[in-house]
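S.K.: Here is a sequence together with a model predicted from it:
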Amino acid sequence: MLAVGLLLVGLPELFLEELPDHSGYEQFRDPDVLNALLVTVVTMSLAWRRRHPLPVLLFIIGGELAMAVAGYPPSVADVAAFLIAVYSVAAHRGLAQSALGGVLGSVYFLVYLVLAPVESSPLVIVTDCALVVGVWVLGRNLRLRRAYFAELEDRAARLERARGTDARAARIEERSRIARELHDVVAHHVSVMTVQAGAARRIIDRDAGSAREAMSTIEEVGRTALSEMRRIVGVLRTDRDAEREGRELAPQPGLGDLGELLDNVRETGLAVQLWIEGEARSPSPGVDVAAFRLIQEALTNTLKHAGPQARAWVRLYYGDRDLTVEIEDDGRGTATFVADNEDNPGHGLVGMYERVALYGGELKIGPRVGGGFGVRARFPLEA
């Protein structure tokens, strides 16, 4: 459309406008059919300027040289076609080809102005050459602007993909965290309830009062387990659901709740002692929860595998920059526990390693010197 429109403007001008009879124009031939044909071919070559801008520019320069050699005067159509070709090279090709096209176009235009029979002052030559350079600079700036916007769009697309990947990773991490929480809560409280139920069954005939006390403990532990499970699963619910029920989610347990945890374990018959060394300080919230869950899981494993008459020790060492947590027992379940979990460590041990690693800590699990089993973890106090 651009080439046809330019041709519709240039052809009538070629035959309707008379050439001046001064300043060298009298040396040009009068336009004829051959001149019109050359102008048509040169102008219509602009139809390929986007796909092949540099060959189109060279073709236009060759066509205008042919018209100059034949003695035809310059027309509006071929001059405009030349300028559009220079612009197209700068706008649609890289720096190397666009620079080559700009140099060729400038040199050709300068030589044509100097050798043309029409008298031109130095100021006219400079301004005409500046026009060619300006057209090239315009095309180059538009190309750089398009490349800039294309880079912005590509970057936005990459960020959108990265955000989707991060969202999926966050969902996977949240599912893993909820699975660890549920495992720790269910395993601990169900173990306590199982031990209490077994004790109540054995003494119900000879000591009904103690059996009722065990049943009360089972009820209390069950309610606690349901409450914690409701809190954990409540994280998956929307804020609108929470507002509809008119209640907030309970906070996560921490080392401040360690006394209540140990009391529940002692009620099962497992003797547990607690030592705290160093200046007690509040760790980061994540470390606080992770340390509590680690102790809870270790004591749950002691209830499962240590056997009767076992004892357990919980030690907290507050250092300058870290917190060391140790849980040991002198039970007889070490060999069975290790053998059962050697090929399939289960969710408990995996959850321990994940919790400690999540906060940059170190974890060691294994048999204890002199019998029993031990868990030792070191957490940084700062997040």
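M.R.: Sure thing, it's come through.
S.K.: Distance from the chain centre to stretch 160-169, please.
M.R.: 5 Å (CA atoms, centre = their mean, to the nearest Å).
S.K.: So that it lines up with my notes, have the first residue be 361 from now on.
M.R.: Yes, from this point I'll number from 361; that puts the last item at stretch 520-529.
S.K.: Let me see the mean pLDDT of it.
M.R.: Stretch 520-529 comes out with an average pLDDT of 79.
S.K.: Quick one: low-confidence residue ranges for the stretch 411-560 of the chain.
M.R.: 476-480, 534 (pLDDT under 70).
S.K.: ok, 90 please
M.R.: The model of the stretch 411-560 of the chain has pLDDT under 90 over residues 411-496, 499-500, 502-504, 506-508, 510-560.
S.K.: again with the stretch 561-710 of the chain
M.R.: Regions of the stretch 561-710 of the chain meeting the criterion pLDDT under 90 cover residues 561-617, 620-621, 623-631, 638-650, 653, 656-657, 660-671, 680-681, 690-710.
S.K.: let's see 80
M.R.: 583-612, 645-646, 666-668, 692-710 (pLDDT under 80).
S.K.: Mind giving me the packing neighbours of whichever strand or helix holds residue 569?
M.R.: Using DSSP states H and E, residue 569 maps to helix 568-594. Counting contacts by 3 or more CB pairs under 8 Å, 6 or more residues apart in numbering; DSSP states H and E, helix 568-594 packs against helix 482-563, helix 618-626. For every residue, glycine as well, the C-beta is placed using N, CA and C.
S.K.: if I read this right, residue 719 contacts residue 741, doesn't it?
M.R.: No: in this structure residue 719 lies outside contact range of residue 741 using CB atoms under 8 Å: 10.1 Å.
S.K.: The closest residue in space to residue 491 that isn't next to it in sequence: what secondary structure?
M.R.: Nearest non-adjacent residue to residue 491, counting by CB to CB, 6 or more residues apart in numbering: residue 443, 7.4 Å away. Per DSSP: H, G, I helix; E, B strand; the rest coil, the secondary structure class of residue 443 is helix.
S.K.: ok, now which ones touch residue 443?
M.R.: Applying CB atoms under 8 Å, 6 or more residues apart in numbering, we find residue 443 in contact with 491-492, 495.
S.K.: What are the buried residues along the helix holding residue 569?
M.R.: In terms of neighbour count (16 or more other CB atoms under 10 Å), helix 568-594 has its buried residues at 571, 573-574, 577-578, 581, 584-585, 588, 591-592.
S.K.: Which member of the residues you listed is positioned nearest residue 550?
M.R.: Ranked by distance to residue 550 (CB to CB), those are led by residue 585 at 7.2 Å.
S.K.: so the closest one touches residue 544, yeah?
M.R.: No: using CB under 8 Å, residue 585 is not in contact with residue 544; the gap is 10.7 Å.
S.K.: And the strands in the stretch 611-743 of the chain?
M.R.: 631-637, 671-678, 682-689, 722-727, 733-740 (DSSP state E, counting those that start in this stretch).
S.K.: Packing partners of the shortest one?
M.R.: For strand 722-727, the elements it packs on are helix 694-701, helix 706-718, strand 733-740, judged by 3+ CB pairs under 8 Å, 6+ apart.
S.K.: Could you check how far the last one is from the centre of its chain?
M.R.: To tie it back to what came earlier, the one meant is strand 733-740. That offset, for strand 733-740, works out to 34 Å (CA atoms, centre = their mean).
S.K.: what is the orientation angle of it with strand 722-727?
M.R.: Angle of strand 733-740 versus strand 722-727, following axes from the mean of the first three to the mean of the last three CA atoms, to 10 degrees, is 170 degrees.
S.K.: Strand 733-740 pairs with which strands, parallel or anti?
M.R.: The pairing partners recorded for strand 733-740 under DSSP bridges are strand 682-689 (antiparallel), strand 722-727 (antiparallel).
S.K.: what's the angle between the longest one and helix 706-718?
M.R.: The one in question is strand 682-689. Going by the same axes, to 10 degrees, strand 682-689 makes 160 degrees with helix 706-718.
S.K.: and the angle from strand 682-689 to strand 671-678?
M.R.: 170 degrees.
S.K.: got the contact list for strand 682-689?
M.R.: Contact with strand 682-689 is made by 643, 647, 651, 654-655, 658-659, 662, 666, 670-677, 721, 728, 732-741, as judged by CB under 8 Å, 6+ apart.
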